[in-house]
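A.B. asks: predicted model and sequence below, questions to follow.
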Amino acid sequence: MLELYGTQVSSRLLLGTARYPSPAILAEAARRSGTEIVTVSLRRETAGGRTGGAFFELIRGLGVRVLPNTAGCHSVSEAVLTAKMARDLFGTSWIKLELIGHHDTLQPDLFQLVEAARILSADGFEVFPYTTDDLVAGERLLAAGCKVLMPWCAPIGTAAGPQNVSGLRAMRAEFPDIPLIVDAGIGRPSHATAVMELGFDAVLLNTAVAGAGDPPAMAEAFAEAIIAGRKAHRAGLLPPRDMAVPSTPVIGKGVFA
Ligand SMILES: CC(=O)[C@@H](O)[C@H](O)COP(=O)(O)O
């Protein structure tokens, strides 16, 4: 089980709810993924063009926990206001804090992120900050009151997969007891397996499922890949070696006659 702010979940896949071809496909993808947490933007375009009440009713109908997000926010005041609206709308103190700082890469503005995390944590929010693999930013976010960190592995929507494996590995080593959820840039089930093999606790993804030819089938593939990566991490992976080592040890010479 994974514990996030005192809530236990068994699925380690958190699913985004944007850009699906239709609400029905979103609902089926969520079901097949086995997710227990979906993230919802208050500002972004929603599935099948649905907005407002109808979309939020659909989300409530999924029967899973909602993690509202501040996608599209570029300033502390905008993010704090959006978080407060989300708390009222969904009746949850959870907030995925996204504070975009760069237009091309959608890289988070780490300085504003820390400030917004401090304000929201002091106001009783349980903050899931979308960050990079920067260790100092991670420390500041924890000091600001966050109990979970969500580093990217590549820019949002790129499906590029882990771009800085050493950075992710360092993050895991630096924060061994903090739940770390890789958020953004995962494109393939094998990317999800790779980050779970590094010891990450969970994966949040959207584009790779919503944009797939068959989103529900892809959601299921991701769920299985995450389980495989987690199992492999726990089973103890061998470090890679430079030199060959015979997998069948030979003692003396074979006798064939
Ligand atoms: C839905 C959401 O919260 C995204 O901002 C998130 O970061 C997922 O990124 P991908 O779409 O790259 O999976």
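C.D. replies: Arrived safely, thanks for sending. Residues are numbered from 1 along each chain as shown.
A.B. asks: ok now the top helix by length along the chain, how far from the chain's centre?
C.D. replies: For the chain, the longest helix by residue count, based on DSSP state H, is helix 215-235. Centre-to-centre, helix 215-235 and its host chain are 13 Å apart (Cα atoms, centre = their mean, to the nearest Å).
A.B. asks: cool, stretch 175-189 as well?
C.D. replies: So, by Cα atoms, centre = their mean, the centroid of stretch 175-189 is 5 Å from its chain's centroid.
A.B. asks: circling back: flag every buried residue along the longest helix of the chain.
C.D. replies: Residues of helix 215-235 classed as buried under the neighbour-count rule (16 or more other Cβ atoms under 10 Å) are 215-216, 218-223, 225-230, 233. Bear in mind the C-beta positions are built from the backbone N, C-alpha and C, glycine included.
A.B. asks: got the CA coordinates for stretch 185-192 in CSV?
C.D. replies: Extracted in CSV, the C-alpha atoms of stretch 185-192 (Å, rounded to 0.1, in the frame of the first residue of the first chain):
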residue,chain,number,x,y,z
GLY,A,185,6.5,13.1,-19.7
ILE,A,186,5.8,9.3,-19.4
GLY,A,187,5.1,8.0,-23.0
ARG,A,188,5.2,4.3,-22.8
PRO,A,189,4.5,1.5,-20.3
SER,A,190,8.2,0.7,-20.4
HIS,A,191,8.9,4.3,-19.2
ALA,A,192,6.6,3.7,-16.2
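A.B. asks: is any part of that stretch close to the ligand?
C.D. replies: Yes - residues of stretch 185-192 contacting the ligand under Cβ under 6 Å from any ligand atom: Gly185, Ile186.
A.B. asks: isn't Cys73 up against Met85?
C.D. replies: No - contact criterion Cβ atoms under 8 Å: Cys73 and Met85 do not qualify, at 11.3 Å.
A.B. asks: the two: which is more packed in?
C.D. replies: Cys73 (24 against 14; other Cβ atoms under 10 Å).
A.B. asks: and the more buried one, what pLDDT?
C.D. replies: pLDDT recorded at Cys73 is 96.
A.B. asks: hmm, back to that, need the contact partners of the longest helix of the chain.
C.D. replies: 11-13, 15, 20-21, 25-26, 28-35, 189-190, 192-199, 202-203, 205, 208-209, 212 (Cβ atoms under 8 Å, 6 or more residues apart in numbering).
A.B. asks: out of the residues you listed, which end up buried?
C.D. replies: So, by 16+ other Cβ under 10 Å, the buried ones in those are 11-13, 15, 20, 25-26, 28-30, 32-35, 189, 192-199, 202-203, 205, 208-209, 212.
A.B. asks: which of these fall in helices?
C.D. replies: When DSSP H defines the helices, the subset of the buried ones among the contacts of helix 215-235 inside them is 25-26, 28-30, 32-33, 189, 192-197, 208-209.
A.B. asks: got the contact list for the nearest residue to Leu205 once chain neighbours are set aside?
C.D. replies: Once flanking residues are discounted, Leu205 sits nearest to Ile186: 4.5 Å by Cβ to Cβ, 6 or more residues apart in numbering. Ile186 makes contacts with Cys153, Ala154, Ala159, Gly161, Ala192, Val195, Val203, Leu205, Ala208, as judged by Cβ under 8 Å, 6+ apart.
A.B. asks: can you redo these as a markdown table with pLDDT?
C.D. replies: As requested, these are exported to a markdown table (pLDDT from 0 to 100):
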| residue | pLDDT |
| --- | --- |
| Cys153 | 96 |
| Ala154 | 97 |
| Ala159 | 97 |
| Gly161 | 98 |
| Ala192 | 98 |
| Val195 | 98 |
| Val203 | 98 |
| Leu205 | 98 |
| Ala208 | 98 |
